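Q: Give me the fold of what follows.
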Amino acid sequence: MNDVEHGARVPFLRAMGIRLTEVGDRHAVMEVDVGLDHRNYYGGAHGGLIASLVDSVCFFARPLIPSGLRLTTTSLAVTYIRPARVGDHLVARSQLLHLGRRTASLSVQVADGGGRLVAHGSATLMVLDEAPGDPAGQGAHDPPEALAARAPAADDGRVRLTLPQPYEELPHTADVGIAVAGATPEETLARLVLALGAMLSGGGEVSARGEELLVTAGGPDLAQVAVATLREVLFRFATRHLVPCACEARSVTPAGAELTVAFGPYDEALHGEGVDVKAVTYHGARFERAAKGWRAQVILDI
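A: Model prediction:
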């Protein structure tokens, strides 16, 4: 079986008319022609079709299902940019950002036949085990209790992520909060750094121009480490107009954190919708274990 044929083994994809058309070392491509059966109530393409594209294409970069890994989605975020209509040809391309022993992180862009961005998203997959010859997609949506029973040993801690990453905006009087989740403290802090980058850039694309090593002291807990790290990032934005666009968290403990952060220049034309963040506050900061991994939040003074 060649790599592309793995997609044809998933009954759901066949039913939806979604085709796996390209498999690469760090990416995969899926395509679909929007038909009458894909319509929503108003006659356009149903958002579930696009979300299914984003979710499904994440599994098929060569190191994942084509190499025999069994995986399941643990988080999925989709941002819709413009509507798709019946007759449109949609192309979804995933990019593998990180693959560890326990998790894989990916970003996805969905474009129409004219190359216009229809949606973008990101996903985190949990690696269950290696099962060469396992039918593609089996075990990919098992209940959480089954996943926990089969989950492998912890990752090596390091994780490199790039924009965009999923985060949540928290309502707060006169300020704004951001919250993220991750499988490890390293993934969680990296996402927090990139959430700040997304706020500063307004979601506009940021092109990396260089990397810097950030080492922050902590104590007495991870929340203080997170605030200290984000203050270092914000200092670079305030003094040098640099926006974080990629982050590798090497180690995160209550004693401190060590990260490599890629920065790109702030561009008013691309990033004018960004939030004017004045400070990162200790008030309301949290960094704690959650039901599935870790969760962190901070409040930004705007």
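Q: Need the three-state assignment for the nearest residue to Leu194 once chain neighbours are set aside.
A: Spatially, and ignoring its direct neighbours in sequence, Leu194 is nearest to Gln165 (4.6 Å; CB to CB, 6 or more residues apart in numbering). For the C-beta atoms, the positions are set from N, CA and C on the backbone; glycine is no exception. Look at Gln165: counting by DSSP: H, G, I helix; E, B strand; the rest coil, its state is coil.
Q: neighbouring contacts of stretch 50-58?
A: Outside stretch 50-58, the residues within contact range by CB atoms under 8 Å, 6 or more residues apart in numbering are 10, 12-13, 16, 18, 20, 28-30, 32, 64, 73, 76, 78, 80, 84, 90, 92-94, 104, 106, 108, 110, 118-119, 121, 123, 125.
Q: Pull out the buried members of those.
A: Those of these that meet the buried threshold are 10, 13, 16, 18, 20, 28-30, 32, 64, 73, 76, 78, 84, 90, 92-94, 104, 106, 108, 110, 118-119, 121, 123, 125, by 16 or more other CB atoms under 10 Å.
Q: Let's see which of those residues end up in helices.
A: In this view, these that belong to helices under DSSP state H are Leu13, Met16.
Q: give me the low-pLDDT residue ranges for the stretch 1-150 of the chain?
A: Along the stretch 1-150 of the chain, the model assigns pLDDT under 70 to residues 1, 129-150.
Q: domain parsing for the chain?
A: Here the chain is described, according to automatic domain parsing, as comprising the domains 3-154, 162-301.
Q: and the last one, average pLDDT?
A: Domain 162-301 shows an average pLDDT of 91 in the prediction.
Q: quick one: which of the contacts of stretch 50-58 sit in strands?
A: Using DSSP state E, 20, 28-30, 32, 73, 76, 78, 80, 90, 92-94, 104, 106, 108, 110, 118-119, 121, 123, 125 are the members of the contacts of stretch 50-58 that sit in strands.
Q: Enumerate every residue touching the closest residue to Ala208 other than its chain neighbours.
A: Sequence neighbours aside, Ala262 is the residue nearest to Ala208 in space, at 4.1 Å (criterion: CB to CB, 6+ apart). Counting by CB under 8 Å, 6+ apart, Ala262 makes contact with Thr162, Ala208, Gly210, Glu211, Pro244, Cys245, Ala246, Cys247.
Q: do Leu270 as well
A: Residues near Leu270 by CB under 8 Å, 6+ apart: Ser201, Gly204, Glu205, Val206.
Q: do Gly272 as well
A: Gly202, Gly204.
Q: Now do the buried residues in stretch 232-251.
A: Neighbour counts using 16+ other CB under 10 Å place 232-234, 236-237, 242-250 of stretch 232-251 among the buried residues.
Q: out of those, which one sits closest to Glu268?
A: Nearest to Glu268 among these, counting by CB to CB, is Val243 at 11.9 Å.
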